[in-house]
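need coordinates for the following:
(chains A and B)
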There are 2 protein chains.
Amino acid sequence: MPGSWVGSKGGPSELGKLTSARGGRRWLQRPALRLDITTPGGHSLGMAKASELRRMPKRTYEARVPRLRAALVQMQVALQHAPFPVILVIAGDEASGKGDVVNVLNGWLDPRGVETIAFHEPTDEERERPTMWRYWRSLPPRGRLAIYAGGWHADALADDPRTPREMSEFDAGLRRLAHFEGLLADDGALIVKIWLRLSETEQRARLQELEADESTAWRVSRDDWKRNRDYRRLDLLASRMRRTTQSASAPWHVIPAADPRTRNVQVAELLLREFRTHVRSATRLPGRTAPAAVRALRPAGLRRLNALRLDQHLSESDYEAKRDKWLGRLNGAVREAAAQGRSIVWVFEGWDAAGKGGAIRRLTSAIDARDCRVIPVAKPTDEEKAHHYLWRFWRHVPRAGRVTVYDRSWYGRVLVERIEGFCSEAEWRRAYAELSDFEEQLTGHGIIVLKFWLHLSKEEQLRRFRHREETEYKRHKMNSEDWRNRRKWEEYEIAVGDMLALTSQRHAPWHLVAANNKRFARLEILKVSCEQIAAALGGD
Amino acid sequence: MPGSWVGSKGGPSELGKLTSARGGRRWLQRPALRLDITTPGGHSLGMAKASELRRMPKRTYEARVPRLRAALVQMQVALQHAPFPVILVIAGDEASGKGDVVNVLNGWLDPRGVETIAFHEPTDEERERPTMWRYWRSLPPRGRLAIYAGGWHADALADDPRTPREMSEFDAGLRRLAHFEGLLADDGALIVKIWLRLSETEQRARLQELEADESTAWRVSRDDWKRNRDYRRLDLLASRMRRTTQSASAPWHVIPAADPRTRNVQVAELLLREFRTHVRSATRLPGRTAPAAVRALRPAGLRRLNALRLDQHLSESDYEAKRDKWLGRLNGAVREAAAQGRSIVWVFEGWDAAGKGGAIRRLTSAIDARDCRVIPVAKPTDEEKAHHYLWRFWRHVPRAGRVTVYDRSWYGRVLVERIEGFCSEAEWRRAYAELSDFEEQLTGHGIIVLKFWLHLSKEEQLRRFRHREETEYKRHKMNSEDWRNRRKWEEYEIAVGDMLALTSQRHAPWHLVAANNKRFARLEILKVSCEQIAAALGGD
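Numbering: from 1, shown residues only, chains lettered A, B, ... in the order given. Just a heads-up that it's a prediction; the model follows:
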């Protein structure tokens, strides 16, 4: 029942108007002009040439605008309670009026529900993180609309690739953008991408027009004229960009921009229509679903888990003899990484009471605390819940040369969320690829990713639970959830196995640690970390 | 009842141990060494010279550490449910082991509840905002501990002032820091500031010791030796810093640092003791209190409000004739400000239905939407609620050359929060100075602050409420709160009057706008904005 997420203010009546065709006609003006939507390939073939379109008379425009504005504001009221954000990209040819359209929309919409985002030159905080970081941090929460002036696509086009090598980098970057949009769309976001189109002649006419008017002449630079002379090449590039970032869930809409009034009306009508369609298909807010029986996707992972020798042991004297040596090495390795501007991300997962906290304490004692953050991953905050599940992890990606330790991590998606039904089967199934891709972006940026699964026998966990309950200052660590998770041990084993099998990548492999003996586990983590950091640094 | 905010996990039993002296003795080791706390002036007079202290034998240290660690972790458990954050500053003389102490504490504490913050060179995102912005954004939420390595004080000392002029700037900066700490302390934060102290001889010995060991030799630079030769001057400077940032709620604690073991134990014990004392005095989580009868603090404000002529009117034709001219001027003024790297902050306050939304829409239509954000101020998110009430406004302070429009603002503190008892009387009373100070920091950084109160007669509001209820697409704007606020009209008038009288400053005056006629109000806002921006730019 898609209407169930509609709250009290604004109420179901407005949504009814949006969702029912009958009501919709009452306030949504039927598009009078055919919207030229690109073919699946993103080509502008079949598009009526903008110059052929008749100009919209001022009177017609002024008669239509009030109803459009009312409809847009109604849309915003409905959006407030919607389980998805709206991402509106306004991109287009030079001088096609992208900025004007953004301003017009901002004037028509209630500014309280909209945010306009434009990417200027990356700041140093942005440059020190993977490319996508600044796009992630800009994303609107559910129930909000963000207008992207130029979008992430403008960044890609600004690279202006020419050589075959640059071209293939360009394509790779675009595929990454397409993937990003796919992620957001899968999470329910409505993505409306608009390309404002001018022909070469129209562009020239528009530039002349801007130059002739004193109040707009400053907007035309020599570069603009250069781009007009270079129209054909840039047009091919833009069309290649649209083709590569084209998808069913985030298609490009090419709108002729020669007549500003027609352009403005078409943009608004397209947004309204897309919103109306999306509302119909949008599902409820993510909530708990009945989890299905847990069956292994990749039994090899479970076999790997069960093959781990848990009886590995280290005596206290052995441990003390070796610990300081490895702590010293780790300190050196982390400093060497920092000197090279390389960041390190540690991921700790493991059974309850497997000793993650102690291992992290030991590890971080060798690192300059000023450059190190430990992120305990527990229940998300409400700001985090209103975003894509990866948003809260992107937030904490370290700057160049810094360290982030995640105590539990994004893998919650395929562990607790899978077992407890906090997300749907489709969601956790596709998460394996999403998580691997996230880590690939980290390692691709030079971040060293170290992932540990602390493994325990069921008997050892019981012993530790009992010990915690008996020890006064450890009692706070236990709660009923721990016992409940324990009862689902076998299901978790399967989920862990799948995680190992499906997300162990060359650049970010899973390290299984036998944790029945804490000393052995801690030393093992130190050793593996040193080796992996050295290998990553040596590999450059 | 200070125990009432203790949640289920960790539970009242731990807190009992922290708060009751009897229980406390069971796990909090009584400090064996006298802690040398500075005199109110921040002088280190009366401090035992570190060299006179006997070194703590390794055996004693190792016997004490486990109990200290247990106590620290217990403290963290209690802190999780506490209504305040803990800000621990570890500053000190060169080579006094600030980094070591931070690392040791991080090793002893459960890293899941701590964050270590060190201020490196400001990033460009930081440089483009008022100095305090980076400190504000680093603040921990309630229930969390942040360790500041060097604190904001290290930034101040790094300026290394020498001339009288630099000295007076140094002092001014320090007073700002003291004020900042006062704000946080008033909000309940526990602030523990530690200065690790080495005498000139001890410092020399320590540098030699570090240089002699291959694994630490890299930590000693030529600058360190230079600072040792310059010890007397730097010592005076540090002591001046401590004196100026000394206060009852955020005093400096000077700890001799010559013996690392004694130093570590003293730091941990001091933190524990301060926490225990603070818990006893901490009040409940901020919640609704019974509001007192509303009486004017400054009747002059109310008189100014009532003196405003509300019958000012503009005909539609007059409005249309003038509007575009002023929109054009505003566009020019905002671009000119941006060209000079000056940001603009608009603050809109006013009665319900006074037309804030429409005025903002008109205003922003003249500004490039790519550089402009509208922040609607409604209920804070849970992350925002866990911070000082100003934190959510600091978050959105614009970068150089950008625009932020606040639709309602920090003045909620002295309006709705005062009237509805969302904060205590002491809180809203001191807010007038806090808000003025916040704006002073903005204007001091070159940000242009424009504040508007949209004034309405009670009759006109009623007319608009009825109109909204009768107009289908406006109905969503009305709810029961609007009617409730209206019943408190006279109380709000008094609060508005006090706000006008107490927060109108030369650099950020209140502009009263007669809003019974929307056209008049909108044009007035455009005019005043243009004039004020021009004045601010001309004044440079």
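
what is the least confident helix or strand in chain A?
helix A:21-27 (a mean of 29; mean pLDDT, DSSP states H and E).

next structured bit after it?
helix A:58-80 (DSSP states H and E).

show me what that next one packs onto, helices and strands only.
Applying 3 or more CB pairs under 8 Å, 6 or more residues apart in numbering or on different chains; DSSP states H and E, one finds that helix A:58-80 contacts helix A:11-19, helix A:21-27, helix A:98-108, helix A:260-281. No exception for glycine: its C-beta is placed from N, CA and C like everyone else's.

within range of chain B, give me the residues from the stretch 201-350 of chain A.
Proximity of the stretch 201-350 of chain A to chain B, by CB under 8 Å from any CB of the partner chain, involves residues A:215, A:328.

in the stretch 201-350 of chain A, what residue spans correspond to strands?
Assigned by DSSP state E, counting those that start in this stretch, the strands in the stretch 201-350 of chain A fall at A:252-256, A:344-350.

any regions of the stretch 51-200 of chain A where pLDDT drops low?
A:51-53 (pLDDT under 70).

which parts of it are strands?
Using DSSP E, counting those that start in this stretch, the strands of the stretch 51-200 of chain A run over residues A:86-92, A:114-117, A:145-149, A:190-197.

name every strand pairing with the second one and say which way it goes.
The one in question is strand A:114-117. strand A:145-149 (parallel) (DSSP bridges).

now the angle from the strand it pairs with to helix A:98-108?
Note on geometry: by axes from the mean of the first three to the mean of the last three CA atoms, to 10 degrees, strand A:145-149 and helix A:98-108 are set 160 degrees apart in direction.

show me where the stretch 201-350 of chain A dips below the pLDDT cut-off.
Short version for the stretch 201-350 of chain A, where the test is pLDDT under 70: A:282-291.

repeat the analysis, applying 90 as the threshold.
A:213-221, A:280-294, A:320-321, A:323-324 (pLDDT under 90).

quick one: the helices in the stretch 101-250 of chain A?
Assigned helices in the stretch 101-250 of chain A, in chain order: A:124-127, A:133-138, A:151-158, A:164-186, A:200-212, A:222-229, A:231-244 (criterion: DSSP state H, counting those that start in this stretch).

can you redo those as JSON lines with distance to residue B:378 and mean neighbour count?
Putting the helices of the stretch 101-250 of chain A into JSON lines (distance: least, CB to CB, whole Å; neighbours: other CB atoms under 10 Å in any protein chain shown) gives the following:
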{"stretch": "helix A:124-127", "distance to residue B:378": "28", "mean neighbour count": "16"}
{"stretch": "helix A:133-138", "distance to residue B:378": "21", "mean neighbour count": "19"}
{"stretch": "helix A:151-158", "distance to residue B:378": "28", "mean neighbour count": "20"}
{"stretch": "helix A:164-186", "distance to residue B:378": "25", "mean neighbour count": "16"}
{"stretch": "helix A:200-212", "distance to residue B:378": "39", "mean neighbour count": "16"}
{"stretch": "helix A:222-229", "distance to residue B:378": "41", "mean neighbour count": "13"}
{"stretch": "helix A:231-244", "distance to residue B:378": "38", "mean neighbour count": "17"}
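
count residues in the vicinity of the residue nearest to residue A:300 when sequence neighbours are not counted, would you?
Sequence neighbours aside, residue A:501 is the residue nearest to residue A:300 in space, at 5.1 Å (criterion: CB to CB, 6 or more residues apart in numbering or on different chains). Neighbourhood size, residue A:501 [other CB atoms under 10 Å in any protein chain shown]: 20.

I'd guessed residue A:501 sits against residue A:304; true?
Yes. Here residue A:501 reaches residue A:304: they are 7.2 Å apart, a contact under CB atoms under 8 Å.

quick one, what contacts the residue most central in space within chain A?
Closest residue to the average C-alpha location of chain A: residue A:136 at 5.2 Å, with CA atoms, centre = their mean. With contact set as CB atoms under 8 Å, 6 or more residues apart in numbering or on different chains, residue A:136 has these partners: A:390-391, A:394.

and residue A:352, what is it in contact with?
A:461, A:465, A:482, A:485-486.

helix, strand or coil: sort out it for me.
coil (DSSP: H, G, I helix; E, B strand; the rest coil).

from chain B, how far off is it?
With distances taken as CB to the nearest CB, to the nearest Å, residue A:352 is found 14 Å from chain B.

over to that residue: give its phi and psi.
Dihedral angles of residue A:352 (phi, psi; degrees, to the nearest 10) stand at phi -60, psi 140.

try residue A:402
According to degrees, to the nearest 10, residue A:402 has phi -110, psi 170.

my read: it touches residue A:373, true?
Yes. Contact criterion CB under 8 Å: residue A:402 and residue A:373 qualify, at 7.4 Å.

any idea which residue of the stretch 151-300 of chain A lies closest to chain B?
In the stretch 151-300 of chain A, no residue comes nearer to chain B than residue A:215, which is 6.6 Å away by CB to the nearest CB.

OK, contacts around that residue?
residue B:328.

re the thing from before, residue A:402 and residue A:373: who's more crowded?
residue A:402 (22 against 18).

just give the closest residue to that one, not the sequence neighbours.
residue A:371 (5.0 Å).

per-residue confidence at the one you found?
In this model, residue A:371 is scored at 86, pLDDT.

number of residues surrounding it?
Residue A:371 - counted by other CB under 10 Å - has 21 other residues nearby.

against residue A:267, how distant is it?
Distance from residue A:371 to residue A:267, counting by CB to CB, to the nearest Å: 46 Å.

burial of the residue lying closest to residue A:319 once chain neighbours are set aside, as a residue count?
Leaving aside its sequence neighbours, residue A:319 sits nearest to residue A:519 (CB to CB, 6+ apart; 4.0 Å). Residues near residue A:519, counting by other CB under 10 Å, number 18.

and residue A:519, helix, strand or coil?
helix.

thought it was touching residue A:314?
Yes. Counting by CB under 8 Å, residue A:519 touches residue A:314, with 4.4 Å between them.
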